[in-house]
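Visitor: Test case, fold it:
(chains A and B)
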Amino acid sequence: MTKISMTVNGKSVSAEAEGRTLLSGFLREGLGLTGTHVGCDTSQCGACVVHVNGKPVKSCTVFAHDVAGANVTTIEGMANADGSLGVVQQAFQDHHGLQCGFCTPGMVMSSAALLAENPKPTETEVREYLEGNICRCTGYHNIVKAVLAASGQSVAAE
Amino acid sequence: MYNFEFVKPASIAEATAALESDGAQALSGGQTLLPTMKQRLAAPDVLVSLTGIAEMQGVCLGDVGLHIGAATPHAVVAREAAAHYPALAKLAGGIGDPAVRNRGTIGGSVANNDPAACYPSAVLASGATVVTNRRRIAADDYFQGLFTTALEEGEFITQVLFPIPQKAAYVKFNQPASRFALAAVFVAKFADGVRVAVTGASNGGVFRWAEAEAALSANFSADALAGLSVDADDMISDLHGTAAYRANLVKVLTGRAVSAA
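Guide: Numbering: from 1, shown residues only, chains lettered A, B, ... in the order given. Model prediction:
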C-alpha cells in the first residue's frame, strides 16, 4: 500500500491504495464517494465514468496510481455550490432522464463532457457520444432529450 | 486481479530499466490490459506505466510524415491528425467510445495487435515505421499474426511514423456490441502504388490484400475490384459472421474505402 494524492471535486485528497486499486475503488472505498457506480466492471457500461483532467474516462479501467496528481471530477462534484442540482442533473430530473438511476452518474458525467466539447450537439451527436453508456432500463429517449435540453435547445413536450 | 507493484517512469530510459525486472509488463492506456488482468489472463509482478513519459506524447510533422508518440490517446490523434492525415484521424475517432478514446493509446493498440483492432490496419496500409526503445521496425516486418508482433521481451513502442498518402480512407463495419471491427479496410494511395490492409477478418490478424493492391495501383477505382475475390479459408468465423461473409465484406469495404478516399 502506498499513499495516492489527487484533487477530487476541487479538494486535495489522499488515501492508501494497492497497485491494483482501480480509480473507481479508490473513489468509492478510499474516499467514500459512492456516487460513482460500478456496473459491469469491464468498461462496457459507463456507469463509472468520471472526468480526469476534464476528460471522461471509465474509472473501472484506470489504476488509481496512474492518475495520482490528477484533477478528478465525480458526480458529487456536479451540483452547484449551494447544493442545488447542476444544469445537466436538473435536465435529467426535468425530462425524466432516468428510471432506476443506476447508470445516471455515468450518463451525467458523459453528457457534461459532451456539452463541454460541443455546446449545441445534434440528437445524433448525443446518441453517438453516449455509445459507451448503457441504460439497462432502455431509457435512452428521455436521456437524449435531457442532454439536448441541458444544452439550451428546445425539446418536444412530454 | 492479483496485486503488483506499480511504477510510473518519466523517461524512456527509466521505463527500459524498469522493464528489465522479472515479471514486468508495460502498461499504456490499459483499455485491454486491465480487463485482461481482471480475468487473470495476465498477472504481472510489476506494471510499468508508459503514460507519464512526455517524449511519448503528441502528434507532430516530421521527416517521415506524421509522427505520433506511442502514449498518445486516440482522442488526441482524432483531433490533432485531422488536418494532416484525415483518414487516420477518422479511424482514431471511431475506436471504442469517447471515454475509451481518452485512455487507450496508439502504442497500446499496435503492441497488442488484436485481430479486430483498428490501428494495425492504418500502420500496415501506410507502410508506417514502428519505433521502439531499441530500434525501428517496418510495418511489413512488425505484424506477425494473432496478438503477435516483432516486439521482444522488454521492448516497447515509443513512436509510430506515418508516411502521408495522397489519398486514403478507412471503412469499418462495426460490431455494435464491442465496437471493434467485424471487418475493416484501410486503403492508402501513394505515388508508387496502393496499399490495402484488412483487420477484423482473418485468423492471422491484420494482412495486406495483394491482389487488390495490384488492381488498384493500375486503376484506383472501386470497379477495379470487380473480378477479385477474397479467400475465405483463413477468415474468422463466429456467431457474428461466417468466414464467407467476412471474405465478401472485405471486398465490399475495400470498394467503399476506394470510393471514399
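Visitor: Can you give me every residue that contacts the closest residue to chain B within chain A?
Guide: Chain B sits closest to residue A:132 of chain A, with a gap of 2.6 Å, by CB to the nearest CB. In this view, the C-beta of every residue, glycine as well, is placed from N, C-alpha and C. Contact analysis of residue A:132 by CB atoms under 8 Å, 6 or more residues apart in numbering or on different chains lists A:44, A:46, A:49, A:58, A:110, B:96, B:97, B:98, B:99, B:100, B:179.
Visitor: next one: residue A:76
Guide: Per CB under 8 Å, 6+ apart, neighbours of residue A:76: A:9, A:33, A:35.
Visitor: so who does the second one touch?
Guide: Contact partners of residue A:33, counting by CB under 8 Å, 6+ apart, are A:8, A:9, A:27, A:74, A:76.
Visitor: residues of the longest helix along chain A that come out buried?
Guide: For chain A, the helix that runs over the most residues, judged by DSSP state H, is helix A:104-117. Residues of helix A:104-117 classed as buried by neighbour count (16 or more other CB atoms under 10 Å in any protein chain shown): A:104-115, A:117.
Visitor: Now distance to chain B and pLDDT too, for those residues, in TSV please.
Guide: TSV is the format used below for the buried residues of helix A:104-117 (distance: CB to the nearest CB, whole Å; pLDDT from 0 to 100):
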residue	distance to chain B	pLDDT
A:104	16	98
A:105	13	98
A:106	9	98
A:107	12	98
A:108	13	98
A:109	9	98
A:110	7	98
A:111	11	98
A:112	12	98
A:113	7	98
A:114	8	98
A:115	12	98
A:117	9	96
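Visitor: Can you give the domain ranges for chain A?
Guide: The domain map for chain A lists A:2-77, A:87-150, with the assignment taken from automatic domain parsing.
Visitor: Can you lay out these as TSV showing distance to residue B:243?
Guide: Formatted as TSV, the domains of chain A follow (distance: least, CB to CB, whole Å):
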stretch	distance to residue B:243
domain A:2-77	27
domain A:87-150	28
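Visitor: which one of those lies closest to residue B:134?
Guide: Within the domains of chain A, the stretch nearest residue B:134 is domain A:2-77; the backing value is 24.4 Å (CB to CB).
Visitor: any idea what sits nearest the residue nearest the centre of chain A, other than its immediate chain neighbours?
Guide: Closest to where the C-alpha atoms of chain A average out (CA atoms, centre = their mean) is residue A:109, at 2.7 Å. The shortest distance from residue A:109 to any non-neighbouring residue, by CB to CB, 6 or more residues apart in numbering or on different chains, is to residue A:49 (4.3 Å).
Visitor: ok, back up a step: which of the contacts of residue A:132 are buried, as a ChimeraX select command?
Guide: Command for ChimeraX, covering only those of those found buried under the criterion 16+ other CB under 10 Å:
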select /A:44,46,49,58,110 /B:96,97,98,99,100,179
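Visitor: Okay, and which of the contacts of residue A:132 map to helices?
Guide: Going by DSSP H, the helices hold A:110, B:98, B:99, B:100 from these.
Visitor: Go ahead and confirm the second one touches residue A:56.
Guide: Yes. The pair formed by residue B:98 and residue A:56 meets the contact definition of CB atoms under 8 Å, at 6.1 Å.
Visitor: Quick one: neighbours of residue 81, just the number.
Guide: All of this refers to chain A. As a burial measure, residue A:81 scores 6 neighbours (other CB atoms under 10 Å in any protein chain shown).
Visitor: look at chain B instead
Guide: By other CB under 10 Å, 24 other residues sit near residue B:81.
Visitor: State the pLDDT value of residue B:216.
Guide: Note on residue B:216: pLDDT of 98.
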